[in-house]
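Novice: Sequence plus the predicted model coming up.
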Amino acid sequence: MSLKEKVHAVFQSSFGCEPDFYVRAPGRVNLIGEHTDYNDGFVLPCAIDYETVVALQRRDDDKVVVVAADYANQKDEFSLSQPIEAHADQLWSNYIRGVVKYLLEKGFSLKGLNMVVSGNVPQGAGLSSSASLEVAIGQAFNDAYQLGLTPAAIALNGQEAENKFVGCNCGIMDQMISASGEKDHALLLDCRSLETRLVKMPEDLAILIVHSNVKRGLVDSEYNTRREQCETAARHFGVKALRDVTLEQLQEAAEQGKLEPVVYQRARHVITENERTLAAADALETGDLEKMGVLMAESHISMRDDFAITVPAIDTLVEILQQHIGNDGGARMTGGGFGGCVVALLRPAQVDAVIAAVEAEYPAKTGLKPTCYVCKASDGAGTF
Ligand code: GAF
């Protein structure tokens with residue numbers, strides 16, 4: 001049963017009528033450019049063919065009624081004319097409440113909606129299931145009430161909900177790619193100006209995502225610590241963000257003993273990762289998979305040694321993938337870190353053999369079972 005059929009069936013049984021229409025918003029995989037978004041830097045993600053789908057119907061009053069088809073049809077109801085508070089037990093509701101709260105704060109006049117939500121973005125895997133939910137809800141209100149929001153405005157509103165309402169201090173990458181991805185393309189995003197450049201994926205290329213199934217612990221606290229270390233480095237140079245610091249300036253400051261070694265390392269990751277990301281956009285566009293593989297390998301080493309966000313099982317998984325992919329593509333950890341997924345770019349003809357190798361070697365070396373997803377670069381959010 002497709003997600004659309006699922007939300008349709010639950011909509012009929014919950015509300016006793018047909019939805020007006022459906023919206024969808026995808027998860028994402030980041031090809032390169034990790035922890036650069038909140039440093040005003042560059043990222044190169046693509047939207048994937050795993051998504052959140054919403055069936056919806058306009059209401060004449062100010063009530064929002066949401067049914068979570070993936071959580072045993074749990075229901076949430078809240079009013080647009082009362083202050084919107086966090087839901088104490090149903091954490092999924094807070095992504096919805098947060099998005100609506102910040103749309104209202106921006107002065108949009110909304111009416112209520114009946115909604116049924118379902119998704120197949122793996123949760124807790126670092127593939128942005130929460131951003132896809134935030135963007136889907138923003139898209140739902142935008143399209144139901146003709147708010148005229150751009151994809152960037154829907155993304156920024158979702159990020160605001162995540163930062164202020166859910167309490168995760170994330171950057172803008174995940175919501176932006178979910179809102180503005182394009183089929184068969186990656187998106188080079190300048191996280192300062194929010195300018196985007198579509199980068200066509202070579203035809204003879206497959207995207208393989210492997211979930212390490214490492215339980216992600218301490219993600220939020222470690223994420224926030226990394227942010228603070230980057231901000232400390234930027235403050236040292238008197239600039240808004242690490243985007244404005246060159247590698248030469250950083251090295252000079254470190255040689256003069258003006259930066260704590262750990263702050264130097266974190267900043268070195270960000271500055272070199274920005275350079276790699278710009279180079280990767282060109283490599284991908286020209287179909288230079290060998291160069292792409294080198295950049296992905298360097299990115300992984302930088303995340304492991306300078307940014308310290310990988311874990312041993314993830315390093316092992318990346319090594320297995322790199323060994324079997326060879327020079328025609330590459331692999332690296334993707335997302336916030338401390339577990340989650342690895343992304344590999346490779347020739348379609350190699351996919352079956354590489355998956356077989358991962359399924360044999362990764363459990364033997366780590367005791368963990370991998371989950372493999374072969375993905376397609378997909379369109380960003382919209383009505384369908
Ligand atoms: C998480 C965050 F939500 C993103 O904003 C980004 O910082 C990413 O980690 C690391 O690149 O997905």
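Specialist: Looks like it arrived, so ask away.

Novice: for Val263, helix, strand, or coil?
Specialist: Put simply, Val263 is helix when judged by DSSP: H, G, I helix; E, B strand; the rest coil.

Novice: what's the burial count for it?
Specialist: Neighbourhood size, Val263 [other CB atoms under 10 Å]: 21. Quick note: C-beta positions are derived from backbone N, CA and C, even for glycine.

Novice: now the helix or strand harbouring Leu44, how far from the chain's geometric center?
Specialist: Using DSSP states H and E, Leu44 sits in strand 42-58. What separates the centre of strand 42-58 from the centre of its chain is 10 Å, taken as CA atoms, centre = their mean, to the nearest Å.

Novice: Report whether it contacts the ligand.
Specialist: No. For strand 42-58, no contact with the ligand is found by CB under 6 Å from any ligand atom; the gap never falls below 6.7 Å.

Novice: Get me the contact residues on the stretch 1-150 of the chain for the ligand.
Specialist: With CB under 6 Å from any ligand atom as the criterion, the stretch 1-150 of the chain meets the ligand at residues 30, 34-35, 37-38.

Novice: Which of these fall in helices?
Specialist: Assignment to helices by DSSP state H places none of those there.

Novice: doesn't Lys164 fall inside a helix?
Specialist: Yes. Judged by three-state DSSP, Lys164 forms part of a helix.

Novice: returning to that earlier point: after the strand holding Leu44 comes which helix or strand?
Specialist: Following strand 42-58 in sequence order, the next helix or strand is strand 63-68 (DSSP H and E).

Novice: Looking at the helix or strand just after that next one now, give me its mean pLDDT.
Specialist: Following strand 63-68 in sequence order, the next helix or strand is strand 74-79 (DSSP H and E). For strand 74-79, mean pLDDT rounds to 98.

Novice: Mind checking the pLDDT average for the strand holding Leu44?
Specialist: The predicted model assigns strand 42-58 a mean pLDDT of 98.

Novice: Extract the C-alpha trace of it and format it as PDB.
Specialist: C-alpha atoms of strand 42-58 as PDB (Å, rounded to 0.1, in the frame of the first residue of the first chain):
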ATOM      1  CA  PHE A  42      28.000  25.300   1.700                       C
ATOM      2  CA  VAL A  43      26.200  21.900   1.600                       C
ATOM      3  CA  LEU A  44      25.400  19.500  -1.200                       C
ATOM      4  CA  PRO A  45      22.300  17.400  -0.300                       C
ATOM      5  CA  CYS A  46      19.700  15.800  -2.500                       C
ATOM      6  CA  ALA A  47      16.100  15.000  -1.600                       C
ATOM      7  CA  ILE A  48      15.400  11.300  -1.500                       C
ATOM      8  CA  ASP A  49      12.400   9.100  -2.500                       C
ATOM      9  CA  TYR A  50      11.400   8.500   1.200                       C
ATOM     10  CA  GLU A  51       8.900  11.100   2.400                       C
ATOM     11  CA  THR A  52       6.200  12.300   4.600                       C
ATOM     12  CA  VAL A  53       2.700  12.500   3.100                       C
ATOM     13  CA  VAL A  54      -0.300  14.400   4.400                       C
ATOM     14  CA  ALA A  55      -4.000  14.100   3.400                       C
ATOM     15  CA  LEU A  56      -5.900  17.200   4.300                       C
ATOM     16  CA  GLN A  57      -9.200  19.000   4.300                       C
ATOM     17  CA  ARG A  58      -9.900  22.700   4.900                       C
END
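
Novice: partners of that strand in the sheet?
Specialist: strand 21-32 (antiparallel), strand 113-119 (antiparallel), strand 185-190 (antiparallel) (DSSP bridges).

Novice: Enumerate the positions of the helix or strand just after the last one that are buried.
Specialist: Same thing as strand 185-190. As assigned by DSSP H and E, the chain's next helix or strand after strand 185-190 is strand 196-200. For strand 196-200, burial by neighbour count (16 or more other CB atoms under 10 Å) applies to 196, 198-199.

Novice: got the residues of the stretch 151-300 of the chain near the ligand?
Specialist: Residues of the stretch 151-300 of the chain lying near the ligand (CB under 6 Å from any ligand atom): 170-171, 173-174.

Novice: Which of the residues you listed fall within strands?
Specialist: Using DSSP state E to define strands, no part of those is located there.

Novice: circling back: I'd like to check the angle between the strand holding Leu44 and strand 196-200, please.
Specialist: Strand 42-58 and strand 196-200 are oriented at 100 degrees to each other (axes from the mean of the first three to the mean of the last three CA atoms, to 10 degrees).

Novice: Next, the angle strand 63-68 makes with strand 42-58.
Specialist: For strand 42-58 against strand 63-68, the angle by the same axes, to 10 degrees is 110 degrees.

Novice: Flag every buried residue along strand 42-58.
Specialist: 42-57.

Novice: quick one: which of these is nearest to the ligand?
Specialist: Distance to the ligand, by CB to the nearest ligand atom, is smallest for Val43 among the buried residues of strand 42-58, at 6.7 Å.
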